[in-house]
Every structure is written in structure tokens, then in C-alpha cells.
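K.L.:
how does the following fold in three dimensions:
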Amino acid sequence: MKNICFKGWPSPIPFKMTLKMKLTTFLLIVSLFKIQANSYSQNTKISLDYDQISINDVFKEIEGKSEFRFLYKNKEIDLGRTIAIHVKKEKIYEILNQLFKDTHIKYEVLDNRQIVLTKQPPSVIKLKDDIPIGAVIQQLTVTGNVGDGNGTPLPGANVVVKGTSNGVTADFDGNFTINLKDANAVLVISYVGFATKEINLNGQSNISVTLLEDAAGLDEVVVTALGIKRNEKALAYSVSEVGGEKFTEAREANVANALTGKIAGVNATGLATGPGGSSRVIIRGNGSLSGDNQPLYVVNGMPIDNSIPGGGSSTGGQGINVDRGDGIAGINPDDIETISVLKGGAAAALYGSRAANGVILITTKKGKVQKGIGVEYSGNVTYDTPSMFPDYQYEYGAGSNGTKPTTKDQAIEWGRLSFGAPMDGTPVIQFDGVERPYSPVYVKDNIKNFYRTGTNIVNTVALTGGVEAINFRLSLSNLEAKSVVPNSYFNRKTANLSLNSKLGEKLNVEAVAQYNLEKANNRPGTGYADDNAAWATHLVSNTVDVRNMAPGYNEDGSEILWNPVNVANNPYWVVNRYKNFDTKNRFIGQVNITYDILKNLSARGTMSKDFYYFEYVGITPSYTAFRPGGSYESLQANVSETNLLFTLNYNTKFFEKFSFSAMAGGNQQRNVNNSTAIDGQQFTIPEYYSYTNLSTLTTTPDNRRTGVNSLFGSIDIGYKELAFLTLTGREDWFSTLSPENNHIFYPSVGGSFLLSQAVVLPDVFNFVKLRSSWAQVGGGAPDPYLINQAYGIVQGGHNGRPVQEISSSLVTNPDLRPYTSTTYEVGLNAKMLEYRLGIDLTFYNRTTTDDIVQTDISTGSGYTRALLNVGKIGNKGIELLITSSPIKNEDFQWDVSYNMAYNKSEIKQLAEGLSTIQIGSGIGGGSIQNVVGRPYGTIWGYKMATNDNGDKIFDSNSGYELRSEITEIGEGVPPLTMGFTNEFSYKDFSLNILLDGKFGNSMFSNLAQYSHRFGLTKATLPGRENGLPLSGVDTAGNPYQRVVPVEELDTYYDNHKRYTDIFVYDGSFVKLREVVLSYKIPVERLSFVNLQSASISLVGRNIAILYKNTDLFDPESSYTNGNAQGLEAFGVPRTRSIGLDLNLKF
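P.N.:
Predicted coordinates for the structure are as follows:
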């Protein structure tokens, strides 16, 4: 064998940091922050310059300019008392002396930060001229930690001795120290949004406190469009927010896949394409006939690119058909603080022409003020094994015509047929000329023996620290994924840095930078037989052990043949000889500058850039049976999106009853996509894999630049904190549209009303909110240069002169524009039974108009096709979220959440004279079409023709059943989705269980079709012994009967490929999606390690299918993230993942 070499692949620049350099750098950083943090409170100096200011406002000023916090009883302090104070850079005790001179107020400064105020009788009042910071009466010291049910610290939690004003606040890691006079005192611990808890010390000196969330918190703040935080009760639309911790335990490599079952109305689907693959997320149905239907992804208020370099895997599935991963797959779950989903048009309206499909907002974690540097470690390892195996027949073995193969050539000829004799265990020759027992080889064993145990190992380290003036968070993460497919790997390295700086009282700067390096080696092929190991492992005859095909090549380097169709590769040839590898360098950067012009007026400027450089090479090797000369393909692409955003924000109150806020701004968006693709055939020198070694070569450059300029604004008005009105508007100008028709306005209006605040409701209701909204948003802007006439050069010209000709059969349409999506939405939020039961109900109606439709036109025009804004689609549905806490006490809590969504879609209009558009087709049959009057993405195909009595109609000449006209067989998109979550917590243990399901959809299975044709399915057993009797009528309506002899059964069952409906299955399912069993480690017992919190979890994902109607494949086996859903074709086996998750905080 010759050495296989690869050319043209760039090598990374080597860089090595010595151990001494690493230690020096780390110690320097730690020292700097530790010195700075420890001395902060001691040396803090504050300036105040007011002729008249209330005591309450002084407290706010001091807390805003320092780490000091005041603890007092309202009835003891006259907060409205006004004073004059003029101090410049004074220490805190000097200011306190001025504040409480000649009063009965005594103060103590505890732990360098807590200022405790108490009212004393005149006889004990004594002003202190010089109280050193940290002077504390030492009697009994109690330490502890305050966290939530997941072990997350609650910084700022109040810890007060019951019946006194003695109290402290927990630091940023939830730790506190308090000095007491009574060892049996009762501590009262409280935190905003959590139920207050009392702890009887009984002499304890160290305690760990877990607070439970308080469902009564009605002032919850959520992130909305442009990253704006708003009070949830004021929202006129549906927004769902999920904490980042929900994505880091039973994790997915692509965080979008983890949305499955968690949010009503969000249909998230992971693809059967292996680690590093893309996802498909649809919110409230598909809104475009042929355009992108996935949501806009926004990180920290700014959009990111979600494209797949070079496009995703196709439904046709031929060639090196791999999934190279989408943009959202590059976000590290450990860096996510929250994910908010803006479902309706009103929620996403401020994104204008990109908001039609909803918006997913990701807020990343930021730095925090603390002493020293905090270190967080997250480690996760899971093991993947195939979880679904076809249910085949094992009565009749390899062969045809009811006989066994007798020669090597015959064994190859029948290599994928199982129409042989009854299995009897006698020796039979196989494809490699070796005799082996004619006994069952179960497909389950072939799959287990060929595929390996996959692993996913994730390690993330995050450093946090800083002071109020500047703080940071730096995380470094490594994902190492080994696919179940041999020799297939994916690695993602991520560095994320967040900086927050307060430069004075009015200026704030935030910066976020993320760098990804992604490398994939031999991404698994899907779809058709070539470059797809799943084909042979699932279809080889049922008496053949797939391991006998190893290593896939002969001594002369040629492919080992196992069946008569050369394009059906030997699976070991695929994993050992086919090559594809790619590298993606990606940078996401963002800078935000906020300046407070006035107390209630601020300006904000943001610049963001998402850029990636991608390189890919795919090689069909020399000596491949169906292409001995081999082939080569490559792609180089640099893609970027740059956004500039400026906003002015104003808020005020008037007439004591009204609140008012307004925002106005502008956005400039620029997109660049430059790529070069190379395709070539026939390597001149075998096994020398370089594009310079090709006999034929095609190079295709592609350069696209687009831009959108926008102006937008919003107004929010509130009345008595019980009625709220929101108005928004956005005008977009498009570079890809005609100058005469290049801008569109997108408005929205919505309101919410707190019924429970306005009227007296029955006691069962604690909170009731009504909401309603209307919005128009857009999507699907035309591709660059589509409205321009394109010309090409005529080969040879005319009389030696160059001649141009129109290079496209598509007539130009200068009036093309993005489609418009109009959404109406009404909803109800209610909390009942002392907040133990919650209901969120939404009804929506979404209509897409002016969608771009391609239609045929008269050739007399000189063209054959035209693009028109005529498409119309409707989606209407209901979303329901029910939450409950059936049991809730100090030691045990049980929380339940059920979400459900039903979406009814309808294609309402296409072009005149056009009633159907095909958006995809399966391998071997089955097409996905959009048909007027029917739901989006229906499956169409053929059935056996029958008469009015249901009798099959036979062709008396061929003896086969006639085929019907093409007809609708099912829906490719599930209209009904649901998720059911149970969370149990007992002391330091917790158990989370997620079930989810999808219902009402169908799937055309390529695996089912081929395994049926080859005699592997149980449906092909009839007739094996004495022939198959058939009956029906002929084309004239006369009775028809015949018996298919045993030697013709393989041909008869092979003919069933003409009848699509035989291989269309109900795709409904219910899965046990996630199980997480966690234990919060009592770190107080590990004081020598200096741990602040620690937890370990046993995690599982895709544990079991509890309900399904498919016996050959997993219902979630889609292999493309495009609009053509409802197709299955030999993807990577779906896997069950079991592993461990460890989280440590120092």
C-alpha cells in the first residue's frame, strides 16, 4: 500500500506556554485581585454634595457607590428626614457621624460592609469619633451558606437575628458570618423571589440554608427584544425563559436540541447526523413556503449567524452528505445565564424583517464583584450507545428464490437479500468465499458490533472577580465528542470573556468576546448508500456477520465487495478509507457603551460582529468500487455579520398614576459571505489526495454582500401598575430590493391588564393577568442580486468577438420584497391556591402573506420561470403551560410542569394556476409538498389502486397491483407537542425527570422500504413456504387471482417500492428525555478544600421510548434541518446517553 497523504490543509501556528509561565501568570492575577478586594472596603471614600436630601436617598447613594449595605427597622429610622451634606472623599464613619449627629441612632459596621442601625434610649447614645472599620463585639460567631434548590449561591441574601436589628448579607458566593449573643437564637434568612426561612440554631456554629423559590413573586424581570429587561407582568405577549442550568446537566452538544419539551410552542428536533450536527427549531409552525423557517438567534441583544457552511445535508443524500453544524452549535451551554424565547410577532417586532419565525435570546454569564478570584469548574462525561434496533425476521436466511448461495459470486449477488431457505445452521458460503453457519445474525448484534460506544467529555473552567468599577468572567471550555461511528470525532474549544466596567457615575461599558475552534474528522454520511456505513449494517443479509467485512479493503487496496450494487459501500471501507474533515474558526464580539445623560435618560451604543472562517475537504478514495478513480471536494468560506446599534431610553412617571418609557434607535446590519468551492474527479496518482492531482476540476467562487438599515422605537405606558400598553414600530431598508421599493414598516401594539389588582376575585385566585397583542413582522428577504438581470459569455463568441447572453431562465422581478407575517395573540396568566398552581394559556393566529413563490411561465417570454410575492400561509394554535407545587415543605418539595401546544397550519394561496410546490423528496419515493388547502409539508406518494369496494386492481399482464394516482399520505410536521417535567428535592438530593412527545405526524422510511424489498421485514414472510396467493379485480373489473411462486417472491416484494404508503409510519412518540439525579455535597465538611459549593449528578438523556408506532427506526430520525421534514434515510443511529456531571465552586 502507498502512503496516503493530504495536501493543501493549513497547519496551526505552534505555541507552547511553559509551566513556569503559566504559574507566574496565574499567581500574578490572583495576587492583584486579592490585594485589591481585601483593601476595598477599608479604603473606600465617598463624596456627597447635597443642599437638601432625604436620609433614604443618602442610603441609596452610599449603596450605589460602595459595597456598604444598611440594615434597620423602618419604624426606627426617619427615612424622610432631609439634611444638607457636603463631603468629599470621606470614609464611611465620617459620613455616618454627620448623618446621625444629635439623634438616638446607633450604628455598627459589621464584616466591613453591613451597617446596622438601631434606635437607643438617650442615655446610651454615644457618638464615636473614630470607629475603625471591622470593629465587632466578639461573642458567638456563626458561619453559613445560602443557596437555592440547585445549589446555586444566593448573593445578597439577608440573614437577621429574629427580633433584633442584628443582621448581615451573604457575599457573592452565598457565604455569611454573623456575631450573636445567644447560642439558641433564631436566624431569619430572606432573598428576593424566595420564601423566607427561619433557622433555630440550637448551638450550631455552621449552617447550610436552602431557600425555595416563591411563586408569589410578581415582579419577575425577563429579557425581551434588543436585550431589554422588562417586568413580566407588563408584557402583552408570551415570553418563556429557562435558566442556563437546565442546559448543562443532561446536556446536548448543540444547545438548541436541549429545548425539546421545555417550552410550549417550540418544536426542537435534533438530527440523526452525529456530534457537532445542526438542529431544527420551529416556533408556532412554518411561516414560509420555501425560505428559512428557523428563529433568529440573539446573544446579549445582538443577532448571530446560524448558517451551515456550504449548506446542510440534503434529502437526496448522495455523495458525501454530511451535516457540518449550524451557528447555534457554537454556543457553550456553560456560558449561558438564561434563554428567553420570543414566540409571537409582538414579542419579536423590534427585530423587524428577521422576526417572522420568532427569536431565541441567549444571555451569557457576566462577572461579579467579589473578594479575590472565584473559580468554577464543570465537568461532564456521557457514554452513548444505539438505542433502537429494527425488528427483522430470522426464519429465512441469505439467498433468493428460496435457496441458499452456493458460490462466492452468488453470495455477493444475493448479499443483501434474505429470501433464501429456512435457516438450519449448516455451512453456507458467504461473500468472502468462507463457509459459515446458516444461522441468524441479529441486526441488533451487527449494529452493536460495528458501532462503538460514543463519548462526550466536556470540561469548563471559569474565573470570576473584580470590584464594582470593573469585573470580569473568563471561561475556557473543551468538548471532545467521539461518535458511535468508528473514526468519527468532533472537538470544540471555546474561550469566552465578559468585562463590565463602571467608569464614573454615568458611564458603563460592557464587552463580550468569544472565540471558537471547531474541528471535525469524518462526519458520518447520511441518506443514500455511498459514504454511509448505516446502509450495510442495517441491510446485509440476516445470516452475515458485518464484522466479516472488515477492514473493508483487499491486499491490493481495492474495496471488498459484499453486494452487487457497488454504490452500496462496504461499511468498513466507509469508515477506514473515505475522508472528510473541516475546521471552523469563529469569533463573536460585542461592545456596549451606556451613558446616563440624565437620571431618567440614557444613551446606548452597541457594536457586534460574528465572523467565521471555514475549511472543508471531502474525499472519495481511490479504488472505491463504484468510482475507482476517486473524487475530491472542498470549500473555503468566510462569513460575517456586523451590527451597529444605537438607542435612546427615557422613563418617567407623571400624575402619580402613570409610568412612561420610550426608546428610539437605529441599526445597521451588514452581511458578507465569500466562498470558493472545488469539485473534481479522478486522481491522476492514486491515493495522492490533492486538488492539484485531479483530471477534471471545477472551481466555483461565490461572493455575497447584503445590508439592512433600520430605525425603530417603542413606547410603554403603565397605569397604577395594573394596566400596561406597548407600541413599537420599525422601518427596514434593504440593499437586495429595488431602490424604488426597498423599505417596509413593521408595527405592533399590545396590552396587559392585571385583573386581580383591579377587582376582588374569589380567594382561590391570587393573580390573574389578561394580555393581547397584534403585530406585523417580516422575513425571507430575496437573495442578493436576484432582482438583477444576469449575463454570461457565449462560448467562442461571434466572429471572434465576445458575445453576451442571458444566463438565467428566471425572469427578473424588481418588485420582490420580503414576506409579511401578521400575528394576533390573546393570553391569560393565573396563579391560584396560594400560588401553588399556575396556568399560562395563549391563543394565536399567524398569517404569512406575500411569500415568494416560483412559478412556470410561457417560454414565449424568453424565460421559463418567475418569482412572485403571492404565497399565503396560515398558522393558528393554542399553547398551555401548567405549573404546580403539590408538596412544599422544609425538607421535601415536588414541582410539576406540563406544557402543550397545538398548531394547525394551512397553505392558503400559491401562484395563479399553481396548487402545489414540492419542497423535498425522499430516497426511493415519497415527496414533501405544500398544497393549497392542506397543512404545511404533507407527504405525498402512491398506494395500491382499489375499486369502490376496496378490492385491489391488478394488471393482468404483469400480475402486479396497479398504482394509484399520487395522493396525500400524511403530515410531515407534528401539529401537537408536549413536555412533562417533575422535579423532586429532598434535603441535599434532587431528581428531575422530563418526558416529551410529538403527535399527529407521519414519516416515510427509506430503511423500511429497502429492508422490505430485501426480505428482512416480517411483512415479507407470507408466501415463503408455498407461494403467496393474491386476489382482487383486473382493470375490467373481473375477479382476478394468482399465486406468486416462491422463486418470484423477491421480485414481487421488490415491486412494493412503487407503493409509498406501505413505508409511511405514524411518527408519534413519547420519550423519557431526561433524568438527572443530583447530590449537593456538604462543603462545610470539606473546609480543608476551600470549596464554596459542590454537586455531583447522574445524568441520562434519551433514556427510553415509552410510546411509538415504528418497529424499524426511531421516530426522531430526520437527517436534514431543511423544510422537508417527515423523511428517514439511514442516519446515524439514535443513542441513549448516560453519564456524570460534576460542578465545583471555589
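K.L.:
so I447 is in which element?
P.N.:
In the assignment (DSSP states H and E), I447 maps to helix 443-450.
K.L.:
I'd say D334 and R473 touch.
P.N.:
No - D334 lies out of contact with R473 (Cβ atoms under 8 Å); the separation is 11.0 Å. In this view, the C-beta of every residue, glycine as well, is placed from N, C-alpha and C.
K.L.:
what touches both of those two?
P.N.:
A462 (Cβ atoms under 8 Å, 6 or more residues apart in numbering).
K.L.:
more neighbours, the two?
P.N.:
Shown here are D334 and R473; by other Cβ atoms under 10 Å, D334 has more neighbours (28 against 23).
K.L.:
looks to me like that one is in a strand.
P.N.:
No - using DSSP: H, G, I helix; E, B strand; the rest coil, the assignment for D334 is helix, not a strand.
K.L.:
so what's it closest to, chain neighbours aside?
P.N.:
T460 (4.1 Å; Cβ to Cβ, 6 or more residues apart in numbering).
K.L.:
show me the contacts for the one you found.
P.N.:
Here T460 is in contact with 332, 334, 376-379, 475-478 (Cβ under 8 Å, 6+ apart).
K.L.:
buried only: go through these for me.
P.N.:
The neighbour-count test (16 or more other Cβ atoms under 10 Å) marks 332, 334, 376, 378, 475-477 as buried among those.
K.L.:
now, which of those residues lie within strands?
P.N.:
Counting by DSSP state E, the part of those found in strands is 376, 378, 475-477.
K.L.:
turn these into JSON lines, including distance to D891 and pLDDT.
P.N.:
JSON lines is the format used below for these (distance: Cβ to Cβ, whole Å; pLDDT from 0 to 100):
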{"residue": "E376", "distance to D891": "28", "pLDDT": "93"}
{"residue": "S378", "distance to D891": "27", "pLDDT": "95"}
{"residue": "S475", "distance to D891": "34", "pLDDT": "96"}
{"residue": "L476", "distance to D891": "38", "pLDDT": "97"}
{"residue": "S477", "distance to D891": "35", "pLDDT": "96"}
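K.L.:
and which of those is nearest to K408?
P.N.:
S477 (52.2 Å; Cβ to Cβ).
K.L.:
thinking that closest one is in contact with K493, fair?
P.N.:
Yes - using Cβ under 8 Å as the test, S477 is close enough to K493 to be in contact (7.2 Å).
K.L.:
the stretch 251-400 of the chain: helices as residue ranges?
P.N.:
Taking DSSP state H, counting those that start in this stretch as the test, the helices found in the stretch 251-400 of the chain are 345-348.
K.L.:
so where's it shaky on pLDDT?
P.N.:
The stretch 251-400 of the chain contains no residues with pLDDT under 70.
K.L.:
with the chain instead?
P.N.:
Those would be 1-43, 74, 110-113, 120-139, 150, 165, 172, 192-193, 213-220, if you go by pLDDT under 70 across the chain.
K.L.:
report the central residue of the protein.
P.N.:
A256 (0.9 Å; Cα atoms, centre = their mean).
K.L.:
now for it: which residues touch it?
P.N.:
Neighbour list for A256: 268, 279, 281, 326, 328-329, 360 [criterion: Cβ under 8 Å, 6+ apart].
K.L.:
try 6 Å
P.N.:
279, 281, 328 (Cβ atoms under 6 Å, 6 or more residues apart in numbering).
K.L.:
mind putting those into CSV with distance to G261 and neighbour count?
P.N.:
Listed next are the contacts of A256 as CSV, based on distance: Cβ to Cβ, whole Å; neighbours: other Cβ atoms under 10 Å:
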residue, distance to G261, neighbour count
S279, 14, 26
V281, 13, 24
I328, 18, 22
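K.L.:
Q668: which of these is nearest?
P.N.:
Nearest to Q668 among these, with distances taken as Cβ to Cβ, is I328, at 23.6 Å.
K.L.:
ends of stretch 613-630, what's the gap?
P.N.:
In stretch 613-630, first residue to last residue: 27 Å (Cα to Cα, to the nearest Å).
K.L.:
for it, what is the distance to the chain centroid?
P.N.:
32 Å (Cα atoms, centre = their mean, to the nearest Å).
K.L.:
please renumber the chain so that the first residue is 853 from this point on.
P.N.:
Sure, I'll start numbering at 853, so the last one becomes stretch 1465-1482.
K.L.:
which residues does that stretch contact?
P.N.:
Contacts for stretch 1465-1482 (Cβ under 6 Å, 6+ apart): 1161, 1172, 1409-1411, 1418-1419, 1429, 1431-1437, 1483-1490, 1534-1535, 1538-1539, 1541.
K.L.:
wait, S906 touches T934, no?
P.N.:
Yes - shown here, S906 and T934 form a contact pair, counting by Cβ atoms under 6 Å, at 5.3 Å.
K.L.:
what's the host helix or strand of A1047 packed up against?
P.N.:
Using DSSP H and E, A1047 falls within strand 1046-1052. Applying 3 or more Cβ pairs under 6 Å, 6 or more residues apart in numbering; DSSP states H and E, we find strand 1046-1052 packed against strand 1038-1043.
K.L.:
now with 8 Å?
P.N.:
Applying 3 or more Cβ pairs under 8 Å, 6 or more residues apart in numbering; DSSP states H and E, we find strand 1046-1052 packed against strand 1038-1043, strand 1058-1062.
K.L.:
for the last one, which positions count as buried?
P.N.:
Burial within strand 1058-1062, assessed by neighbour count using 16+ other Cβ under 10 Å, is assigned to 1059-1062.
K.L.:
next, the angle strand 1038-1043 makes with that strand.
P.N.:
Relative orientation of strand 1058-1062 versus strand 1038-1043 (axes from the mean of the first three to the mean of the last three Cα atoms, to 10 degrees): 40 degrees.
K.L.:
parallel or antiparallel, which strands does strand 1058-1062 pair with?
P.N.:
Under the criterion DSSP bridges, strand 1058-1062 sits next to strand 992-999 (parallel) in its sheet.
K.L.:
how big is the angle separating the strand it pairs with from strand 1046-1052?
P.N.:
Going by the same axes, to 10 degrees, strand 992-999 makes 150 degrees with strand 1046-1052.
K.L.:
for strand 992-999, which positions count as buried?
P.N.:
For strand 992-999, using 16+ other Cβ under 10 Å, the buried residues are 994, 996-999.
K.L.:
partner strands of the helix or strand following it and their direction?
P.N.:
Under the assignment DSSP H and E, the closest C-terminal helix or strand after strand 992-999 is strand 1010-1013. Strands that pair with strand 1010-1013, judged by DSSP bridges, come out as strand 1019-1021 (antiparallel), strand 1038-1043 (antiparallel).
K.L.:
for the stretch 1753-1902 of the chain, which segments count as helices?
P.N.:
1858-1865, 1901-1906.
K.L.:
all helices for the stretch 1603-1752 of the chain, in order.
P.N.:
Using DSSP H, counting those that start in this stretch, helices in the stretch 1603-1752 of the chain cover 1607-1610.
K.L.:
mind listing the helices for the stretch 1253-1402 of the chain?
P.N.:
Here the stretch 1253-1402 of the chain has its helices, by DSSP H, counting those that start in this stretch, at 1260-1265, 1295-1302, 1385-1391.
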